[in-house]
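Enquirer: Next come a sequence and a model predicted from it.
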Amino acid sequence: MKDVYEARQRELDQCLAALRPAAGQQGLLVCVGGKPIGCDYVSRSEVYARVHDKLLCSYVIDALLVSDEEKGKAARKDAARAFLRKTGRCESRCYEAPGTGWDHRFEGKHLAGTALVHEDEVLHQAFFLLEDEVDPRRWRRLSGRA
């Protein structure tokens, strides 16, 4: 991945310069080729501001790899809303987090997500569109609870 980032550094820098976080921003929903591919939420805007570039870069790398035809497709609000509604219909599993709080794992049709919750507050939550359905065994292996 380091090589990919270095090879595309100029394009990444242009995107980061154009997509600065807004005051009070706590997350982002990213669309590529006209469709949502993922979203991230952070509970405090000052923390989000510190991780914005890192989060955005991970999505920009995906966007740079799509065809020029796909890049030209505009995102639609209804597609973004549908993506967010779909996150609410995911099945959920909850595990005690290694540090503090609770680790929530979400899975749905072509969708996966995770959230860290401490004292009933979601500290960070992320959902990603997947090309294939989620294999529940994969999440158990990732969480160390096989």
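Expert: Yep, it's here. All values reported here derive from a predicted model rather than from experimental measurement.

Enquirer: This protein: helices as residue ranges?
Expert: For the chain, the helices identified by DSSP state H occupy 2-7, 9-18, 45-64, 68-71, 77-87, 136-143, in order along the chain.

Enquirer: deepest of these, which one?
Expert: Across the helices of the chain, the average number of neighbours (mean count of other Cβ atoms under 10 Å) peaks for helix 45-64, which reaches a mean of 16. Glycine gets a C-beta too; all of them are placed from N, C-alpha and C.

Enquirer: What is the burial count for Cys94?
Expert: The number of residues packed around Cys94, counting by other Cβ atoms under 10 Å, is 11.

Enquirer: how about it, what does it touch?
Expert: With contact taken as Cβ atoms under 8 Å, 6 or more residues apart in numbering, Cys94 is in contact with Trp102, Asp103, His104, Arg105.

Enquirer: one step back: can I get the helices of the chain in CSV including distance to Asp120 and mean pLDDT?
Expert: As requested, the helices of the chain are arranged in CSV below (distance: least, Cβ to Cβ, whole Å; pLDDT from 0 to 100):
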stretch, distance to Asp120, mean pLDDT
helix 2-7, 37, 79
helix 9-18, 34, 89
helix 45-64, 18, 90
helix 68-71, 40, 65
helix 77-87, 19, 93
helix 136-143, 21, 45
